[in-house]
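Chemist: Any chance you can model this:
(chains A and B)
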2 protein chains.
Amino acid sequence: MKALLLVAHGSRREVSNREIRSLATRVREIESDFDHIDCAFLELAEPSIPDGMRRAIHAGAKELVVLPYFLSAGRHVSEDIPVEVDGVRTEFPDVHIMLAPYLGASPGISRLLITQAALA
Amino acid sequence: MKALLLVAHGSRREVSNREIRSLATRVREIESDFDHIDCAFLELAEPSIPDGMRRAIHAGAKELVVLPYFLSAGRHVSEDIPVEVDGVRTEFPDVHIMLAPYLGASPGISRLLITQAALA
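Modeler: Take a look at the predicted model:
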């Protein structure tokens, strides 16, 4: 069983956190290899990254991809998220836990921007 | 002549600002309706939003799309960027200035996340 965890920063504004949860719902509706798709937050919202990872693993995930929903490669992406992920990795040595590149590194972003600009 | 201005937050880390400038370069390489594509920053980096808009207009833009490179609809997207854009709009009544929805509102984001997760 394969799981995807989208990791956002988390916000004091609950509407921003809801935006992430509803994004996870939309991602679930897409045909993919993932049997379990959810979101987690680095700070300020629940679930935390470790809790989100444990939920996916308790749901049966043997492969878990953690994807940072961030646009730039700051300290959160390069240090904080990997530290959280590594902590859970040691708890579950039998689960294959992978960290995907952050969203801003996606080669598809530039085309998406052109498409989005057409909606102006 | 049609121009696109990608607007990012701007960072104290110059490497993050360079990431945005190199994104603008990649977007330029895509076949599109836009003759001029550049980036600007809400704060902490140059050019500012008004300066980026003026550059596009001085380069000949009669239509200018401003696109917030943001993932969530916080105060920057809902208030700060529109205020900056409106200020320049009054300077150039003959230019058609449009504000595109922010990147996080893009319907294509969910599919891009699935593609990105496959790169883990």
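
Chemist: Isn't residue A:119 up against residue B:102?
Modeler: No: counting by CB atoms under 8 Å, residue A:119 stays clear of residue B:102, with 10.7 Å between them. The C-beta positions use only the backbone N, C-alpha and C, and glycine is treated the same way.

Chemist: of these two, who's got more company?
Modeler: Ranked by neighbour count (other CB atoms under 10 Å in any protein chain shown), residue A:119 and residue B:102 place residue B:102 first, with 21 against 13.

Chemist: Now do the more buried one, the pLDDT please.
Modeler: Residue B:102 is assigned 96 on the pLDDT scale.

Chemist: Which parts of chain A are strands?
Modeler: Listed in chain order, the strands of chain A (DSSP state E) span A:2-8, A:36-41, A:63-68, A:96-99.

Chemist: Is it possible to get CSV of those that adds mean pLDDT and mean neighbour count?
Modeler: As requested, the strands of chain A are exported to CSV (pLDDT from 0 to 100; neighbours: other CB atoms under 10 Å in any protein chain shown):
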stretch, mean pLDDT, mean neighbour count
strand A:2-8, 98, 25
strand A:36-41, 98, 22
strand A:63-68, 98, 24
strand A:96-99, 98, 17
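
Chemist: Turn those into a markdown table, columns for distance to residue B:115.
Modeler: Putting the strands of chain A into a markdown table (distance: least, CB to CB, whole Å) gives the following:
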| stretch | distance to residue B:115 |
| --- | --- |
| strand A:2-8 | 12 |
| strand A:36-41 | 14 |
| strand A:63-68 | 11 |
| strand A:96-99 | 15 |
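
Chemist: Columns distance to chain B on top of those, output as TSV?
Modeler: TSV is the format used below for the strands of chain A (distance: least, CB to the nearest CB, whole Å):
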stretch	distance to chain B
strand A:2-8	5
strand A:36-41	9
strand A:63-68	4
strand A:96-99	4
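
Chemist: The closest residue in space to residue A:114 that isn't next to it in sequence and residue B:94, how far apart?
Modeler: Closest residue to residue A:114 apart from its sequence neighbours, by CB to CB, 6 or more residues apart in numbering or on different chains: residue B:32 at 4.7 Å. Here the criterion is CB to CB, to the nearest Å. By it, residue B:32 lies 23 Å from residue B:94.

Chemist: Neighbour count for those two, which is higher?
Modeler: Counted by other CB under 10 Å, residue B:32 and residue B:94 do not tie: residue B:32 has more neighbours, with 18 against 6.

Chemist: quick one: contacts for that one?
Modeler: By CB atoms under 8 Å, 6 or more residues apart in numbering or on different chains, residue B:32 lies in contact with A:114, A:117, B:4.

Chemist: Check residue A:59 too.
Modeler: A:1, A:3, A:36.

Chemist: Turn those into JSON lines, including distance to residue B:20.
Modeler: Formatted as JSON lines, the contacts of residue A:59 follow (distance: CB to CB, whole Å):
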{"residue": "A:1", "distance to residue B:20": "38"}
{"residue": "A:3", "distance to residue B:20": "32"}
{"residue": "A:36", "distance to residue B:20": "33"}
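
Chemist: Return the member of these nearest to residue A:110.
Modeler: Residue A:110 lies nearest to residue A:3 out of those, by CB to CB, at 28.5 Å.

Chemist: Check what contacts the biggest helix by length in chain A and list those residues.
Modeler: Secondary structure of chain A per DSSP state H: the longest helix is helix A:14-28. For helix A:14-28, contacts defined as CB under 8 Å, 6+ apart pick out A:4, A:6, A:8, A:10-11, A:37-39, A:41, A:44-45, A:69, B:72-74, B:104, B:109-110, B:113-114.

Chemist: swap the cut-off to 7 Å and go again
Modeler: A:6, A:8, A:10-11, A:37-39, A:41, A:45, A:69, B:72-74, B:109-110, B:113-114 (CB atoms under 7 Å, 6 or more residues apart in numbering or on different chains).
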